[in-house]
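**Student:** take this sequence and fold it.
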Amino acid sequence: MRWILESALTLVINTLWMQNIVTVKDPCKCRDQTLCKPISSSHRTEVFAFHLDQHDWAQYQWSKITTIVVSGDVEAKFYCIAHSHNIRLVLKVDITMSQLRNDATMKRHLFMAVWSVEKYSLDGIYMLFSSKLKKGSTNYHDFTRMVNKTASKFYKTLPGSKITINVPWTPSCKNERCFDFLAISSVIDLLFVESFNIHKGMKETCVAKSISSYHDVFAGLSDYIKLGIESRKLVMGVPWYGYDYTCKRIPQDGVCELNCSHPVKKLIPYKTIIQHLPRSMTGKVWNDDQSAPYAVYMDGKSYHQIWYDDPESISMKSTLLKRFKLGGIGVMQLTDVDHSRTAWAMLHAEEMWNALCPP
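**Tutor:** The predicted model follows:
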């Protein structure tokens, strides 16, 4: 029975696909009906932002954002405010290995992506793929083929759509995350470079490090440009969070040694980090080698070291926008900063927003 239903669904999707029928749009819920039209502006430096829930969004600094990545349903007020500020809303679309390996699955997934963007009057998609790919493998080539099909279908069915895809901080295929970066960049609008979680494996030195050190970010972006990718197609992603590492012993000279086989760490948002700092043993400590701050605190009998990004470290990386003539900068993610109305929160949020957009 399940096989019959899946076959029937595939037949329906294929029929609609061939007829180029997508769906009927939801009625516009904005007072100004023109706000439900796609955003068409271009030739501006992108400020990408990831919005994964509905909390405190009214306090976002709308004038500094160009594109917001959303997941699933979008609240009507949020949609109308974003479009009134000329901000694109693009749908996060998760790509899995099974979609690469099966044409029917790929086609079904792509159909639903086009259907959703059309139905909710969104402005494009953000393709998220986090699986490992080996250079030259079958999946490696299948991924390029899927990106080509996606771009072709979106640009034909929904002209003006913006397509972005996430890529690792470096194109050197570390951790076996390897794509045909140059080929992909030629058919879509933007590559969102995840210039964070750089030392995620922690197996090189078994010590805590910055997750987004300036020198690594610089090197990664340089390598993308050396491949022949247009710099204006690169968006540098920066984190609004850090990692809280559990040290094997008290850090000496700022070095937090980790358990190499099972490093203990947890993600911690910036809004929590700045609450930790006054109660930490060290307060903010600046590391010149990594151009990033850290702090040490004690929890019971365990020593912890938090590496994070703040206005100072983000401002340094933001200078790379002009240096490399990048397409923009992106923040992961908006809810990691407190956007409530308290004076304390507003001050810190203002500093983080300003760091993204240096004069």
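
**Student:** contacts, neighbours, all on C-alpha from now
**Tutor:** Noted.

**Student:** how far out from the middle of the chain is stretch 131-147?
**Tutor:** Stretch 131-147 has its average C-alpha position 20 Å from the chain's average C-alpha position, going by C-alpha atoms, centre = their mean, to the nearest Å.

**Student:** contacting residues for the closest residue in space to T66 that isn't next to it in sequence?
**Tutor:** Closest residue to T66 in three dimensions, ignoring its sequence neighbours and counting by C-alpha to C-alpha, 6 or more residues apart in numbering: I87, at 4.7 Å. In this structure, I87 makes contact with 39, 65-68, judged by C-alpha atoms under 8 Å, 6 or more residues apart in numbering.

**Student:** helix or strand: which one has D142?
**Tutor:** When secondary structure is defined by DSSP states H and E, D142 falls within helix 138-157.

**Student:** please save the CA atoms from that helix in CSV.
**Tutor:** What follows is helix 138-157 as a C-alpha-only set of coordinates in CSV (Å, rounded to 0.1, in the frame of the first residue of the first chain):
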residue,chain,number,x,y,z
THR,A,138,29.4,9.8,-7.2
ASN,A,139,27.6,11.9,-4.5
TYR,A,140,30.0,14.8,-5.2
HIS,A,141,28.8,14.9,-8.9
ASP,A,142,25.2,14.3,-7.9
PHE,A,143,25.3,17.3,-5.6
THR,A,144,26.4,19.5,-8.4
ARG,A,145,23.7,18.1,-10.7
MET,A,146,21.1,18.7,-8.0
VAL,A,147,22.2,22.4,-7.5
ASN,A,148,22.0,22.9,-11.3
LYS,A,149,18.5,21.5,-11.4
THR,A,150,17.3,23.5,-8.5
ALA,A,151,18.7,26.8,-9.9
SER,A,152,17.2,26.1,-13.4
LYS,A,153,13.8,25.3,-12.0
PHE,A,154,13.6,28.3,-9.6
TYR,A,155,14.9,30.8,-12.1
LYS,A,156,12.4,29.5,-14.7
THR,A,157,9.4,29.1,-12.5
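
**Student:** and it, what does it pack onto?
**Tutor:** Helix 138-157 is packed against helix 97-101, helix 103-119, helix 181-185, with contacts defined by 3 or more C-alpha pairs under 8 Å, 6 or more residues apart in numbering; DSSP states H and E.

**Student:** can you tell me the closest non-neighbouring residue to K265?
**Tutor:** Y245 (4.3 Å).

**Student:** can I take it that the one you found is in a helix?
**Tutor:** No - under the criterion used here (DSSP: H, G, I helix; E, B strand; the rest coil), Y245 is strand, not part of a helix.

**Student:** how much space separates it from K301?
**Tutor:** With distances taken as C-alpha to C-alpha, to the nearest Å, Y245 is found 14 Å from K301.

**Student:** between those two, which one's more packed in?
**Tutor:** Neighbours around Y245 and K301, counted as other C-alpha atoms under 10 Å, are more numerous at Y245. The numbers are 23 against 8.

**Student:** now for the more buried one: which residues touch it?
**Tutor:** Contact analysis of Y245 by C-alpha under 8 Å, 6+ apart lists 208, 258, 263-266, 304-306.

**Student:** quick one: the strands in this structure?
**Tutor:** Counting by DSSP state E, the chain has strands at residues 46-50, 67-70, 88-94, 124-128, 162-168, 190-194, 234-239, 241-246, 265-269, 285-287, 292-299, 302-308, 328-332.

**Student:** what sits up against the last one?
**Tutor:** Residues from elsewhere that reach strand 328-332 (C-alpha under 8 Å, 6+ apart): 45-50, 192, 232, 234-241, 318, 321, 356.

**Student:** isn't G228 right next to A183, touching?
**Tutor:** No - the pair formed by G228 and A183 falls short of the contact definition of C-alpha atoms under 8 Å, at 10.1 Å.

**Student:** ok, those two, which is more surrounded?
**Tutor:** In this comparison of G228 against A183, neighbours counted by other C-alpha under 10 Å, the higher total goes to A183 at 14 against 11.

**Student:** that one and N148, how far apart?
**Tutor:** 9 Å.

**Student:** output the below-cut-off pLDDT ranges for this protein.
**Tutor:** 1-24, 43, 53-55, 200-205, 358-359 (pLDDT under 70).

**Student:** OK, contacts around T150?
**Tutor:** Neighbours of T150 in contact, by C-alpha under 8 Å, 6+ apart: L110.

**Student:** please apply the same query to P269.
**Tutor:** Contact analysis of P269 by C-alpha under 8 Å, 6+ apart lists 240-242, 336-337.

**Student:** would you reformat those as CSV and include distance to I198 and neighbour count?
**Tutor:** Below are the contacts of P269 laid out as CSV (distance: C-alpha to C-alpha, whole Å; neighbours: other C-alpha atoms under 10 Å):
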residue, distance to I198, neighbour count
W240, 14, 23
Y241, 13, 25
G242, 12, 26
D336, 19, 20
V337, 21, 23
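
**Student:** just the residues you listed now: which is nearest V74?
**Tutor:** Within those, distances to V74 taken as C-alpha to C-alpha reach their minimum at D336, with 19.2 Å.
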